[in-house]
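# how does the following fold in three dimensions:
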Amino acid sequence: MNEVSADLLLELLATKQMNPQIAQEDIENIAQSILTMQNDFVSRLSHVDKHQVRRFFEQLQDDLSVSTNEIIDHIYHLT
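This is a model prediction of the structure:
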């Protein structure tokens, strides 16, 4: 999760470098959503039901994929 968040932030910064006309507020909003996503997913790790570990991690992976794709879509639409 931390690595995914770091990669998203790097992609966001690279997009800003390549397109300096993008509003700083838009960059900050997406960066905040990346950090919020990271915090949410890390906090979920503290609440694993030991009777449903496999299901928990499958759902976590699916949710992370969806959230990541949404953020990538937001970054893509900045340009």
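# Q21 in helix, strand or coil?
coil (DSSP: H, G, I helix; E, B strand; the rest coil).
# for the remainder of this discussion, apply numbering that starts at 97.
Got it, first residue is 97 now, which makes that one Q117.
# how near is it to I126?
As for Q117, its distance to I126 is 16 Å (criterion: Cβ to Cβ, to the nearest Å). The C-beta positions use only the backbone N, C-alpha and C, and glycine is treated the same way.
# between these two, which is the more surrounded one?
For Q117 versus I126, neighbours defined as other Cβ atoms under 10 Å are more numerous around I126 (21 against 7).
# surely the more buried one touches I171?
Yes - here I126 reaches I171: they are 6.3 Å apart, a contact under Cβ atoms under 8 Å.
# so what sits against both of the two?
Jointly contacting I126 and I171 under the rule Cβ atoms under 8 Å, 6 or more residues apart in numbering are L108.
# spatially central residue for this protein, please.
I130 (4.1 Å; Cα atoms, centre = their mean).
# can you tell me the closest non-neighbouring residue to that one?
Residue nearest to I130 in three dimensions, not counting chain neighbours: L104, with 4.9 Å by Cβ to Cβ, 6 or more residues apart in numbering.
# now I167
L104 (5.5 Å).
# distance of the one you found relative to D122?
If you go by Cβ to Cβ, the gap between L104 and D122 works out to 15 Å.
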